[in-house]
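Undergrad: for reference, the sequence and a predicted model appear below.
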Amino acid sequence: MKNLKFILFTAITALFLFNACGPTKQDAIDYNDKIIREQKKIIQGENDLVKAIKNTSVKVSTLNELREDLSKQIDESKQIFEELNKIGGNSDFKDAAIKFADAYKEVVDGEYAEWLTTIDIPDSLVSDDIIDREEELVFLINSKLDKANNDFIGAQKDFAAKFKIKLAD
């Protein structure tokens, strides 16, 4: 009976000490890297879409496929963000990553989708209203994504400071 109490006491003490230590610096680096891998996939997808839009020889059907692929990538990345556990009892960086994905999703399925409907209009049918709307869409895209990126970077910097990790440029 004494052995059983000793084993139980040792197991509980070990469990307590293991949990009391919290995440290691390497745990924080791995957590950061997992989020950044997904963030880069989203950014690269948007860069590919923008590059294709600028290439006037790319068909609108191809642009729509790129936009739909990006939308799917955002969904996949967001799922990965949502499956992350808190680290050090905190989910701020995870929450920022989810908000980042949400902002991109809104823009990709909203402003980009609308913009692509105007790209294939023959020049003879393009009115000043269409041109104004395209300019407004580009402004909205840039504004929303700049805010999403800046908020995300701020959260990442806070995360890095909390866990005393150095971020690569």
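TA: Looks like it came in fine. Numbering: from 1, shown residues only.
Undergrad: low-scoring stretches of the chain, by residue?
TA: Within the chain, the stretches with pLDDT under 70 are 1-21.
Undergrad: go through the longest helix anywhere in it and flag the buried ones.
TA: Counting by DSSP state H, the longest helix found in the chain is helix 128-163. Neighbour-count burial for helix 128-163, counted by 16 or more other C-beta atoms under 10 Å, picks out 134, 137, 141, 144-145, 148, 152, 155-156, 159-160, 163. Using the backbone N, CA and C atoms, a C-beta is placed for each residue, glycine as well.
Undergrad: with distance to N90 as added columns, please give those residues in CSV.
TA: Putting the buried residues of helix 128-163 into CSV (distance: C-beta to C-beta, whole Å) gives the following:
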residue, distance to N90
E134, 42
L137, 36
I141, 31
K144, 26
L145, 26
A148, 21
F152, 16
A155, 11
Q156, 13
F159, 8
A160, 13
F163, 10
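Undergrad: mind listing what's buried in stretch 41-59?
TA: Within stretch 41-59, judged by 16+ other C-beta under 10 Å, the buried ones are 41-42, 45-46, 49, 52-53.
Undergrad: what two of the buried residues of helix 128-163 are the furthest from one another?
TA: E134 and F163 (43.3 Å; C-beta to C-beta).
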